[in-house]
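K.L.:
Pasting a predicted model and its sequence here:
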Amino acid sequence: MRPYEGHYCFTRIRKMRFKDWATRVLLISLMFMALIVVLLIGRATKLQNNLTTSRISNPQVTAWSQYPQAQFQSAKEPEKKSQNVIKSPVKTNSPVANKSVARYVTTQAFAQYRPNYQVVAVNPTNYGERYAQDVNGLPLTNQPIIVLHETGYSASSAINFFQVAHDDENVQASYHALVKLDGTVVYLVPPDKRAFGAANSVFETPQGVETVQTNPNLPASVNNFAYHVSLETPPDGYDGSSQQTHSGYTEAQYNSLAWLIAQSQVPDDRITTHHLVDRSGKKVDPINFDGNKFLSLLNTYRQVKPIYRVSK
């Protein structure tokens, strides 16, 4: 062996050991970095979920299925009646002196009625999320209501308006569903979302008024706990100078409206109109609405089923 040959071999072995050690250090460093990234992502996701929770409505207010099986949100049993809403002729007498609740179930007449339907996308600027808290951070527990409207003009004109982006919050508008003159049900805004159907509005009950302010720059409204359904206005009501009256709605519209709402657990005394909830003094819809005819059909398509609970 030459004098420098042993030194060369030793140097090469040392370089190999150093390279192996450096590789291991690099791999360990990469593992630590990956772990840190995963932890940061998890923390960011948790933070985002916390922020979202304050905006999305609580489970009580989002118990709605998706279209076209348009189930309305669940509600408590109909216990008390409001002065300014459509009254329910349905009464339930309990045979036992205990607490009782009731649920609505659809009937054979409901199963036999099959209206046509359409699902139409609405521009996202015209609807939003249902909130779990108001502007003051107070939790929202309002039970749902159904607000009845009319389009003012044709169904197509209303749909076209909803499909256009509107950045001005004073212009944004939408319904959850719309019933055409021929009875076709048009599903617009998903039921778990907040449609912009009534701006400055309040729902009156014997216990007081219900309304929610979610934007400090806009008046309080019922939108956060409302489901908005509109009837297409007949052609003779398009004249702007005679917006106070028209020929009324078709039999198909009344049937489809009752069929749609029969799927809900919203009690009759929480079904109201845009005119009754409005506080701007400008809304009079739905004009010439026959509440008795609607309730008669609604009670044909759904019935109250008592559920008795024995007190301990």
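P.N.:
Nice, I can see it.
K.L.:
in the sheet, who's paired with Leu148?
P.N.:
Val229, Thr273 (DSSP bridges).
K.L.:
Sorry, wrong one. I was asking about Ser221.
P.N.:
According to DSSP bridges, beta-bridge pairing links Ser221 with Val212.
K.L.:
same deal with Phe203?
P.N.:
Glu210.
K.L.:
number of nearby residues for it?
P.N.:
For Phe203, the count of nearby residues is 25 (other CB atoms under 10 Å). C-beta here means a position set from N, CA and C on the backbone, and glycine is covered the same way.
K.L.:
Please tell me I have it right and it contacts Asp278.
P.N.:
No: distance between Phe203 and Asp278: 10.8 Å, which falls outside the contact criterion (CB atoms under 8 Å).
K.L.:
Between the two ends of stretch 167-178, what distance do you get?
P.N.:
Chord length of stretch 167-178, first to last residue, is 23 Å (CA to CA, to the nearest Å).
K.L.:
Also stretch 110-130?
P.N.:
Using CA to CA, one end of stretch 110-130 lies 29 Å from the other.
K.L.:
quick one: buried residues of it?
P.N.:
Neighbour-count burial for stretch 110-130 flags Phe110, Tyr113, Pro115, Tyr117, Val122, Thr125, Asn126, Tyr127, Gly128, Arg130 (criterion: 16 or more other CB atoms under 10 Å).
K.L.:
what does it rub up against?
P.N.:
55-57, 61-62, 67-68, 159, 162-167, 172-174, 182-189, 192-196, 224-225, 252, 255-256, 259, 262, 300-302 (CB atoms under 8 Å, 6 or more residues apart in numbering).
K.L.:
average model confidence for it?
P.N.:
Averaged across stretch 110-130, pLDDT comes to 95.
K.L.:
got it, and stretch 260-276?
P.N.:
According to the model, stretch 260-276 has a mean pLDDT of 94.
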